[in-house]
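# Would you be able to build a 3D model of this:
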Amino acid sequence: MSKNEARLNRINEELKKELSQVINYELKNSNVTGMLSVTKVKITPDFKYAKVYVSILNSKNIKKTMEGLKESSGFIRSRLAKTINLRITPELVFEIDDSLEYGARIDSILKDLNVSKEDSSEEN
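Okay, here's the model as predicted:
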């Protein structure tokens, strides 16, 4: 891993930690509902943009929550600028990370398969 990659990874982790803190404890947008967790952050090598992957559970309306995050990105950036020492505070681009949902769906399919397998073995 090059020095630059290591630095980007460090910054991604720091951004992830700070974004989680700001979104969960400081953000006061009524559209942002449910339990949000920042699963991953990928900053561009020029530090201008950061793609923020969020997982949303128990939200009243996921679309509204995403809109609320986009509306609040200015506030979130200003909070980041105070805590993270970068020359440029990146533009935030929010994306839904549905890997948890995907994992849960795979899990339930596997459980269903096991149940039907046990049912068929009891019949024989």
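# CA atoms for contacts and neighbours, from now on please.
Fine.
# got the end-to-end distance for stretch 18-31?
21 Å (Cα to Cα, to the nearest Å).
# for stretch 53-71, same thing?
Stretch 53-71: ends 16 Å apart by Cα to Cα.
# swap in stretch 53-68?
The first-to-last residue distance of stretch 53-68 comes to 15 Å (Cα to Cα).
# Then stretch 79-95?
End-to-end distance (Cα to Cα), stretch 79-95: 20 Å.
# Of all the residues in it, which ones are buried?
79-80, 89-95 (16 or more other Cα atoms under 10 Å).
# Please give the element, helix or strand, for residue 37.
strand 35-43 (DSSP states H and E).
# average pLDDT across that strand?
Averaged across strand 35-43, the pLDDT comes to 92.
# tell me the angle of the top helix by length along the chain relative to strand 35-43?
Taking DSSP state H as the criterion, the chain has its longest helix at helix 99-123. Interaxial angle, helix 99-123 versus strand 35-43 (axes from the mean of the first three to the mean of the last three Cα atoms, to 10 degrees): 120 degrees.
# Contacts for helix 99-123, please.
Residues from elsewhere that reach helix 99-123 (Cα atoms under 8 Å, 6 or more residues apart in numbering): residue 55.
# Shouldn't residue 94 be within a helix?
No. Residue 94 sits outside any helix when classified using DSSP: H, G, I helix; E, B strand; the rest coil, being strand.
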